[in-house]
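1. Here's a sequence, model it:
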Amino acid sequence: MSSYLELSARQRIPAIFDAGSFEEFLPPAARVTSPHLSQLNAPVSFDDGVVVGKGKLGGHTVFGAAQEGGFMGGAVGEVHGAKLVGMLRRAIDEQAHAVVLLLESGGVRLHEANAGLIAVSEVMRAILDVRAADIPVISVVGGSNGCFGGMGIAARCANTVIMSEEGRLAMSGPEVIETANGVEEFDARDRALVWRTTGGKHRYLMGDCQALVPDDVAAFRAAALDAIEQVRGSGAELTLDDLLAEQDMLSRRIQNADGLRDPMDVWKQLGIPDPAAVPVLEPEAFLALAAQIKGVR
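-> So this is what the prediction gives:
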């Protein structure tokens, strides 16, 4: 096994795509950096923390991006967002087989304020435009920084979300919740609680994640290939039926979690007999257990 978690964005791209096939758009040599960071004398990155381009995946032309969690936590600014949007629009123009987004981000780059917020909103719109062109969009979340804020929403705009147990996905990060509402609301230092609330297993049980895989590059690649073919077989566009199904899922989630404060209580409500065992289960055993729980999927 080769850990996906431990790789950088530039290591993940060649590990997921067919060997030697990826063509990067606006590589570091182009030196397209954020003007906002330089004005603040903040460190810049020559790729602004994101790799975008196209390559082959299973022999098909697939467009893709990988956010670098090591640069500002993968946060999105104006240039970072523009690179993502440009890649997504080009995927439509060239009628790509699919788009794969390797997401690792804390959300909007606070240094860039409104420019970052606008950038994230444009990314969401572009993802939905790609889907409207009947091109599957697959989100992959398995980095140590997780996927939060606006990019957490963007991830859920995709057809399929693939996660590892180690990945995290949410709107607000634990530290943000604690800062806004106090440690009594959420203790961000309780790492077990953080993963119970935002980790891959909980997201799978809640319906936010459609595939859970081990922290292994080959497993992520295989899951991405499977997801692309499944979506292409059923259609990538976001339909009214899809929206109604999402609303039904959210309504059931509210009912199941009403008055419950810990994810373990939610898991018990779903019918898991021993919630305390869930965090230590290997992915295969966890998926087998989840399949037995009526109404989880």
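2. elements contacting the helix or strand of the chain with the lowest mean pLDDT?
-> Comparing helices and strands within the chain by mean pLDDT, DSSP states H and E singles out helix 35-39 as the least confident, with a mean of 82. Contact here means 3 or more C-beta pairs under 8 Å, 6 or more residues apart in numbering; DSSP states H and E; on that basis helix 35-39 packs against helix 78-93. From N, CA and C alone the C-beta is placed, and that goes for glycine too.
3. Extract the residue ranges of this protein that are flagged as low pLDDT.
-> In the predicted model of the chain, residues 294-297 satisfy pLDDT under 70.
4. If we use 80, what do you get?
-> 1, 38, 40-41, 294-297 (pLDDT under 80).
5. I'd like the distance from the helix ranked longest in it to the chain centre, please.
-> The single longest helix within the chain, with elements called by DSSP state H, is helix 113-132. On the basis of C-alpha atoms, centre = their mean, to the nearest Å, helix 113-132 is displaced by 14 Å from the centre of the chain it belongs to.
6. One more: stretch 16-28?
-> Here stretch 16-28 is found 20 Å from its chain centre; the criterion is C-alpha atoms, centre = their mean.
7. which residues of the stretch 51-200 of the chain fall in strands?
-> Ranges of strands in the stretch 51-200 of the chain, per DSSP state E, counting those that start in this stretch, are 60-67, 98-103, 137-141, 160-164.
8. any chance of those in a markdown table, with mean neighbour count too?
-> Below are those laid out as a markdown table (neighbours: other C-beta atoms under 10 Å):
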| stretch | mean neighbour count |
| --- | --- |
| strand 60-67 | 24 |
| strand 98-103 | 28 |
| strand 137-141 | 29 |
| strand 160-164 | 27 |
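9. In JSON lines, list those along with distance to Val44.
-> Supplementary listing: the strands of the stretch 51-200 of the chain in JSON lines, determined by distance: least, C-beta to C-beta, whole Å:
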{"stretch": "strand 60-67", "distance to Val44": "16"}
{"stretch": "strand 98-103", "distance to Val44": "21"}
{"stretch": "strand 137-141", "distance to Val44": "26"}
{"stretch": "strand 160-164", "distance to Val44": "30"}
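10. quick revisit: residues in contact with the least confident helix or strand of the chain: which ones?
-> Surrounding helix 35-39, the residues in contact under the criterion C-beta atoms under 8 Å, 6 or more residues apart in numbering are Pro43, Val44, Gly77, Glu78, Val79, His111, Glu112, Ala115.
11. Same check on stretch 174-181?
-> Contacting residues not belonging to stretch 174-181 are listed as Phe148, Ser172, Glu185, Phe186, Asp187, Ala188, Val194, Thr197, Thr198 [C-beta under 8 Å, 6+ apart].
12. chain center to it: distance?
-> Averaged over its C-alpha atoms, stretch 174-181 has a centre that lies 21 Å from its chain's centre (C-alpha atoms, centre = their mean).
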